[in-house]
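Visitor: quick one, what's the 3D model for this:
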Amino acid sequence: MSELLDPFITVENVVFRRERRLIYDGISAHVPRGKITAIVGPSGAGKTTLLRLIGGQLIPGSGDIKVDGLSVNQLKRKQLFELRKRMGVLFQSGALFGELSVFDNVAFPLRVHTELDDDLIRLVVLMKLEAVGLRGAFDLMPYELSGGMQRRVALARAIALDPEMIMYDEPFVGQDPIGLGVLLALVKRLNQALDLTSIVVSHDLKETLSIADHVIMMANRVVAFEGTPQAMRGSEDRLVQQFLNGSPDGPVSFHYSAPPLLEVV
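Guide: As a prediction, the model looks like this:
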């Protein structure tokens, strides 16, 4: 794939543990520049953990993670802070500030990271809210919005600084069909209009694959598949097919690893 010749993010032989639990056993993957990459897999496979490693919130035990050629785990504090300005993040909960209005939530990163005057901040905020269809709600408080609308405000905040990439952590959770359709269209449209590199972590497999250009499937501490959605659907790998079909039996076990029951009773 030609887009992988110049990936925006490269994960190379990463090993990561949480205390004694091995999460990744030498994973490698690529995130193409300017594309939408879906990170999918069973619960507990480490999908959100990968986002935190890319953002430098966690440090791998070994291996390397490069973002636009920069080794994240080797950056100094100031360098990491500068890199994070180039990243937007949509958290699972939206993570809006409950005591701030919609306008002030979106304005927050502009006030912290720029020296724009109030008039320019107002213009930028209203433009970002217009992009997500909520300019008319600028003076409302988060508690006055539905869950789907809160997620859209959080998306406006995520693009406030015109980032080069956005990481979406379970953006479609709890959405009704209309809200889900709106968010899917927004992710696709923003990626194209702003020339973003987007990473979407989601359990909503069918919907996520419908907008993804590239897929990374994680399971059993490794990258089980990497490629296009079309190639994933056509894969004969048992693990991939188990996940796509939602089969209870297969390489991914329902039971968390434990000693035989007779040994502990």
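Visitor: average pLDDT across stretch 102-113?
Guide: With pLDDT averaged residue by residue, stretch 102-113 scores 92.
Visitor: just the buried residues of it, please?
Guide: 102-110 (16 or more other Cβ atoms under 10 Å). Just so you know, the C-beta spots here come from the backbone N, C-alpha and C atoms, and that holds for glycine as well.
Visitor: so which of those comes closest to Lys35?
Guide: Distances from the buried residues of stretch 102-113 to Lys35 were compared by Cβ to Cβ; the smallest belongs to Pro109, at 24.4 Å.
Visitor: after whatever helix or strand that closest one lives in comes which helix or strand?
Guide: Mapping Pro109 onto the secondary structure by DSSP states H and E places it in helix 102-113. Tracing the chain past helix 102-113, the next element assigned as helix or strand by DSSP H and E is helix 118-131.
Visitor: let me know the angle separating whichever helix or strand comes after that following helix from helix 118-131.
Guide: The element immediately downstream of helix 118-131 (helix or strand, assigned by DSSP H and E) is helix 147-158. Taking axes from the mean of the first three to the mean of the last three Cα atoms, to 10 degrees, one finds helix 147-158 and helix 118-131 inclined to each other by 140 degrees.
Visitor: sorry, back to before: mind putting the buried residues of stretch 102-113 in a markdown table, distance to Gly147 included?
Guide: Conversion of these to a markdown table gives the following (distance: Cβ to Cβ, whole Å):
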| residue | distance to Gly147 |
| --- | --- |
| Val102 | 14 |
| Phe103 | 19 |
| Asp104 | 20 |
| Asn105 | 15 |
| Val106 | 17 |
| Ala107 | 22 |
| Phe108 | 20 |
| Pro109 | 22 |
| Leu110 | 25 |
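Visitor: and which of these is nearest to Ala131?
Guide: Here the nearest of the buried residues of stretch 102-113 to Ala131, counting by Cβ to Cβ, is Val106; it sits at 10.5 Å.
Visitor: pretty sure the closest one is in contact with Ala154, am I right?
Guide: No: using Cβ atoms under 8 Å as the test, Val106 is too far from Ala154 to be in contact (9.1 Å).
Visitor: would you map the helices across the stretch 151-265 of the chain?
Guide: Counting by DSSP state H, counting those that start in this stretch, the stretch 151-265 of the chain has helices at residues 177-193, 205-211, 229-233, 238-245.
Visitor: poorly predicted segments of this protein, please.
Guide: Scanning the chain with the threshold set as pLDDT under 70 gives 1-5, 92-94, 247, 249-265.
Visitor: now do 80
Guide: Along the chain, the model assigns pLDDT under 80 to residues 1-6, 91-94, 147-148, 173-176, 179, 246-265.
Visitor: nearest to Ile27, of the helices of the stretch 151-265 of the chain?
Guide: Nearest to Ile27 among the helices of the stretch 151-265 of the chain is helix 238-245; the distance by Cβ to Cβ comes to 14.4 Å.
Visitor: outline the domain layout of the chain.
Guide: The record, using automatic domain parsing to delimit domains, assigns the chain the ranges 2-86+164-174+191-263, 95-162.
Visitor: export these to JSON lines and tack on distance to Leu180?
Guide: Output for the domains of the chain, formatted as JSON lines (distance: least, Cβ to Cβ, whole Å):
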{"stretch": "domain 2-86+164-174+191-263", "distance to Leu180": "5"}
{"stretch": "domain 95-162", "distance to Leu180": "8"}
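Visitor: looking at the helices of the stretch 151-265 of the chain, spot the one closest to Glu19.
Guide: Ranking the helices of the stretch 151-265 of the chain by their distance to Glu19 (criterion: Cβ to Cβ) puts helix 238-245 first, at 26.0 Å.
Visitor: by contact count, what packs against that closest one?
Guide: Taking 3 or more Cβ pairs under 8 Å, 6 or more residues apart in numbering; DSSP states H and E as contact, the helices and strands that helix 238-245 lies on are strand 214-219, strand 222-227, helix 229-233.
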